[in-house]
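K.L.:
pasting the structure only:
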């Protein structure tokens, strides 16, 4: 009895030593530092977008004279930024839907089927996403010119898919692997076909991982610049990232910093709203993807 009591008191003493108040304080300070480090550029972008041109280089924490003239300049007719946002939205949505549809079935097959060379195939899939885009942009331009794809949506969608699919396949394969195969077996025992088991059992449980992958794909397609600026020279077809780089000031040598900051805020807000709306599913997907069976 005394031995058990001593061991219990020792364990309690060790846990008390580990859980010091300073550990919680340092964790809070560290998290706060990371949050400030990540949000400070966005905050400064918002503040700069609200400054008039005469105060754009001031370093105050908030503009002395708040003005929305930069946002009015962003959506002026000469910038055509509204159409650029629509173009970016069309490309990002199509890339996300197609990449998810293909990657979900491919990942499920890679996670459940056993065949020779599966590990090597996954490495090849991941390696294809590591090619530098600048190295293949000239062959893409040559092919798209021959196919008459210049100034079309597919000229932006197809290259984005080629870089989104490998990442999506890799992420979803890891996610499906940590789901037990007994789920499908139990569903088939209850009378489901393999397709019904996948649709009614696996897909609902895989929703966090699919949402996380979808947001990663959408952000990548939304921020894409090099392919769009190379393949699209028609202002009516250019996405917002390209139009933002071509903003002009009142004169040839005047850089419209305020308008560029305002356009950056407008482009960032949809991503922030999307992450806030689906933050629980994102966290669940990231946590589930880190589990090991």
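P.N.:
Cool, got the structure. Because the structure is predicted, anything quoted here is derived from the model rather than measured.
K.L.:
pLDDT below threshold where in the stretch 1-150 of the chain?
P.N.:
1-21 (pLDDT under 70).
K.L.:
And residue 173, which helix or strand is it part of?
P.N.:
Using DSSP states H and E, residue 173 sits in helix 154-177.
K.L.:
Check the average confidence over that helix, would you?
P.N.:
Averaged across helix 154-177, pLDDT comes to 89.
K.L.:
Beyond that helix, next helix or strand please.
P.N.:
Next element after helix 154-177 (DSSP H and E): helix 182-189.
K.L.:
now for that following helix, which elements pack on it?
P.N.:
helix 194-197 (3 or more Cβ pairs under 8 Å, 6 or more residues apart in numbering; DSSP states H and E). The way it works is simple: take the backbone N, C-alpha and C, and place the C-beta from them, glycine included.
K.L.:
ok, back up a step: would you indicate which residues of the helix holding residue 173 are buried?
P.N.:
By 16 or more other Cβ atoms under 10 Å, the buried positions in helix 154-177 come out as 155-177.
K.L.:
tell me the contacts of the residue nearest the centre of the chain?
P.N.:
Central residue of the chain (Cα atoms, centre = their mean): residue 216, 2.6 Å from the mean position. Counting by Cβ atoms under 8 Å, 6 or more residues apart in numbering, residue 216 makes contact with 167-168, 171.
K.L.:
Find the helix or strand that it is a member of.
P.N.:
Counting by DSSP H and E, residue 216 is found in helix 207-222.
K.L.:
If you average the pLDDT over that helix, what comes out?
P.N.:
89.
K.L.:
Now do it: distance to the chain's middle.
P.N.:
Distance of helix 207-222 from the chain centroid (Cα atoms, centre = their mean, to the nearest Å) equals 6 Å.
K.L.:
Could you give me the buried positions within whichever helix or strand comes after that helix?
P.N.:
Following helix 207-222 in sequence order, the next helix or strand is helix 226-231 (DSSP H and E). For helix 226-231, the neighbour count (16+ other Cβ under 10 Å) marks 227-231 as buried.
K.L.:
Equivalent analysis for stretch 259-271, please.
P.N.:
Neighbour-count burial for stretch 259-271, with 16+ other Cβ under 10 Å as criterion, is recorded at 259-268, 270.
K.L.:
who touches it?
P.N.:
Stretch 259-271 is contacted by residues 42, 45-46, 48-49, 70-71, 73-74, 79, 81, 85, 88, 218-219, 222, 240-241, 243-244, 247, 249 when judged by Cβ under 8 Å, 6+ apart.
K.L.:
For the nearest residue to residue 222 once chain neighbours are set aside, which residues are in contact?
P.N.:
Nearest non-adjacent residue to residue 222, counting by Cβ to Cβ, 6 or more residues apart in numbering: residue 92, 4.6 Å away. Residue 92 is in contact with 218, 221-222, counting by Cβ under 8 Å, 6+ apart.
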